[in-house]
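In: pasting a predicted model and its sequence here:
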Amino acid sequence: MRVIVYTGKGGTGKSTISCATGIKAAEQGRDVLVISSDPAHTLMELFEVNIGPKPTKISDHLWAVQVDPIQEVREKYGVIQEYVAAVFKAKGLEETLAYELASLPNMTPFLSLLKVVDYFEEGGYDALILDTVPSGEALKNLYLPSLFGSISRKILRLAGSLVGAAKLMEPIVKIPAPSKEVIRADLKLLEKLEKLKAILTDPKTSSLRLVANPDFFSLSNLRRAYMTASLYNVNVDLAVINKVIPDEVVDPYFEEWRRSQAKYLAEAEVAFYPLPIKKVRLYRGELRGLDMLKTCGGELFGDEDPLKVYYEGRPFRLEVTEEGMELVVKTPFLDKERCEVERVGEELMIKVDTEVGEVRSFIPLPSIAYCMRLDRAKLIEGELHIYFAREFS
């Protein structure tokens with residue numbers, strides 16, 4: 001089974017691209033489930049069909065489901081949230097704030113990712129396509145089982161047999177003891193996270209796909225997602241630049257937009273190298289309904305298999321030493337005279353001379369680099385090696 005996750009800033013059209021991909025794959029006879037946790041119920045508007053928390057058939061080989069985060073929390077993780085909130089309340093926090101703090105980070109996108117495990121294990125589909133925003137905070141949750149480790153889980157199981165004794169200690173420690181139900185739910189969540197991590201970090205199974213418009217804000221958002229995915233070993237196989245003004249539009253009113261888009265398209269080629277980049281034109285009207293989405297999917301993928309792995313590899317490599325860190329970036333240029341590296345706050349700026357002029361690509365730096373200074377950079381066989389030195393106090 002293939003798992004494809006589309007991500008992008010709000011308004012870039014990731015829901016449209018997700019649906020168009022599903023329709024294209026279904027046309028080729030593949031059974032596809034499109035999953036969304038968007039509270040705006042975008043899938044319902046795009047497919048023009050009522051879609052609920054259970055898979056709804058859209059057409060031959062195509063289904064869609066709208067994940068309800070509130071229902072998921074209540075049914076599967078409510079017992080954990082209730083216990084954590086009770087601990088916070090015991091410490092004097094107001095009830096509303098206690099429940100806010102008891103929620104998992106980025107709950108909505110995180111729960112849609114967890115649903116992947118359910119549908120993956122149930123089977124019955126050739127592909128799952130997720131319309132979501134797997135932020136860095138949500139992806140961090142994949143590593144909770146590693147942080148807990150097997151020893152911590154053994155302690156949790158042991159605690160389950162000592163619940164009675166823990167209850168006796170409540171008046172002394174002034175913290176409610178977890179019930180057996182809470183401990184079982186904790187262990188089940190950790191087990192599910194391990195399965196999710198195995199699915200999402202298998203490049204043959206899962207791909208993250210980036211959707212952006214040719215503008216500054218959506219491209220900046222995607223650069224962060226690109227780096228984050230690489231850090232968490234999630235394979236990114238394709239970038240889609242949506243809403244590109246087509247060549248046949250010659251109205252002078254759009255001339256400045258065309259020049260601006262040409263600049264940002266050139267930036268995207270540098271920023272997302274070596275990813276394949278597909279472009280989707282700006283349509284005359286809204287893309288809604290099966291016919292319009294079918295047209296979009298046809299223009300986007302042509303005769304290709306939309307479920308294939310377009311690229312496998314890591315665009316960034318990190319190696320941390322006692323002296324500092326080396327960041328290796330794949331680049332589309334081979335002439336060191338045409339590029340310049342500079343650090344700007346929490347980002348690395350790479351300036352490149354291209355056919356459309358100077359292009360600046362910004363790479364978000366990992367947190368470990370915040371206490372380091374940029375030392376030097378070398379271009380070696382199509383890879384830019386950037387060295388950081390620790391700043392000792």
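Out: Everything's here; your move.
In: do a quick rundown of the strands in the stretch 1-150 of the chain.
Out: According to DSSP state E, counting those that start in this stretch, the stretch 1-150 of the chain carries its strands in the segments 2-7, 32-36, 56-59, 62-66, 127-131.
In: the fourth one versus strand 32-36: what angle between them?
Out: Right, the one you point to is strand 62-66. Interaxial angle, strand 62-66 versus strand 32-36 (axes from the mean of the first three to the mean of the last three CA atoms, to 10 degrees): 20 degrees.
In: same question for the last one.
Out: Relative orientation of strand 127-131 versus strand 32-36 (the same axes, to 10 degrees): 20 degrees.
In: list the neighbouring strands of strand 127-131 plus their orientation.
Out: Strand 127-131 has the following sheet partners, assigned by DSSP bridges: strand 2-7 (parallel), strand 32-36 (parallel).
In: how about those in a markdown table, adding distance to residue 299 and mean neighbour count?
Out: The C-beta positions use only the backbone N, C-alpha and C, and glycine is treated the same way. Below are the strands paired with strand 127-131 laid out as a markdown table (distance: least, CB to CB, whole Å; neighbours: other CB atoms under 10 Å):
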| stretch | distance to residue 299 | mean neighbour count |
| --- | --- | --- |
| strand 2-7 | 17 | 25 |
| strand 32-36 | 19 | 26 |
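In: I'd like these laid out as JSON lines, including distance to residue 82 and mean pLDDT.
Out: As requested, the strands paired with strand 127-131 are exported to JSON lines (distance: least, CB to CB, whole Å; pLDDT from 0 to 100):
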{"stretch": "strand 2-7", "distance to residue 82": "30", "mean pLDDT": "93"}
{"stretch": "strand 32-36", "distance to residue 82": "26", "mean pLDDT": "94"}
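In: out of those, which is closest to residue 371?
Out: Closest of those to residue 371 is strand 2-7, at 28.9 Å (criterion: CB to CB).
In: for burial, what's the neighbour tally of residue 57?
Out: Look at residue 57: counted by other CB atoms under 10 Å, it has 10 neighbours.
In: what's the burial count for the closest residue to it other than its chain neighbours?
Out: Ranked by CB to CB, 6 or more residues apart in numbering and with sequence neighbours excluded, the top spatial neighbour of residue 57 is residue 63, at 5.4 Å. Other residues lying near residue 63 total 21 when counted by other CB under 10 Å.
In: residue 22 contacts residue 34, doesn't it?
Out: Yes - the pair residue 22 / residue 34 is scored as a contact, 4.4 Å apart, by CB atoms under 8 Å.
In: give me the common contacts of those two.
Out: Common contact partners of residue 22 and residue 34 (CB atoms under 8 Å, 6 or more residues apart in numbering): 58, 62, 64, 129.
In: switch the residues you listed over to TSV; also include pLDDT and distance to residue 297.
Out: Shown next, in TSV, are the shared contacts of residue 22 and residue 34 (pLDDT from 0 to 100; distance: CB to CB, whole Å):
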residue	pLDDT	distance to residue 297
58	96	13
62	97	11
64	96	15
129	96	11
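In: out of those residues, who's nearest residue 249?
Out: Among the shared contacts of residue 22 and residue 34, residue 129 lies closest to residue 249 (CB to CB), at 30.3 Å.
In: OK, contacts around that closest one?
Out: Applying CB under 8 Å, 6+ apart, the residues contacting residue 129 are 4-6, 18, 21-22, 25, 32-35.
In: now swap in residue 45 and tell me
Out: Contacts of residue 45 by CB under 8 Å, 6+ apart are residue 288.
In: how near is it to residue 64?
Out: Computed as CB to CB, to the nearest Å, the residue 45 to residue 64 distance reads 12 Å.
In: and what of residue 26?
Out: Remark: distance between residue 26 and residue 64 (CB to CB) = 11 Å.
In: same thing with residue 240?
Out: To residue 64, residue 240 is 20 Å away according to CB to CB.
In: over to residue 199?
Out: For residue 199, the distance to residue 64 equals 20 Å [CB to CB].
In: of these two, which one has the most company?
Out: Taking other CB under 10 Å, residue 199 and residue 64 do not tie; residue 64 has more neighbours (26 against 19).
In: verify the stated contact: that one with residue 32.
Out: No - using CB under 8 Å, residue 64 is not in contact with residue 32, being 9.1 Å away.
In: what touches both of those two?
Out: By CB under 8 Å, 6+ apart, the residues touching both residue 64 and residue 32 are residue 22.
In: give me the pLDDT for the residue nearest to residue 5 when sequence neighbours are not counted.
Out: Take residue 5 and drop its neighbours on the chain: the residue closest to it by CB to CB, 6+ apart is residue 130, 4.4 Å away. Looking at residue 130, its pLDDT is 91.
In: show me where the stretch 101-250 of the chain dips below the pLDDT cut-off.
Out: Residues of the stretch 101-250 of the chain meeting the criterion pLDDT under 70: 101-109, 111, 133-180, 183, 186.
In: for it, what spans make up the helices?
Out: Here the stretch 101-250 of the chain has its helices, by DSSP state H, counting those that start in this stretch, at 107-122, 136-140, 144-160, 163-173, 180-200, 216-231.
In: circling back: which of the shared contacts of residue 22 and residue 34 lies closest to residue 10?
Out: residue 129 (18.3 Å).
In: if I look at the closest one, how far off is residue 290?
Out: Going from residue 129 to residue 290 by CB to CB gives 15 Å.
In: and for residue 48, the neighbour number?
Out: Using other CB under 10 Å, residue 48 is surrounded by 11 other residues.
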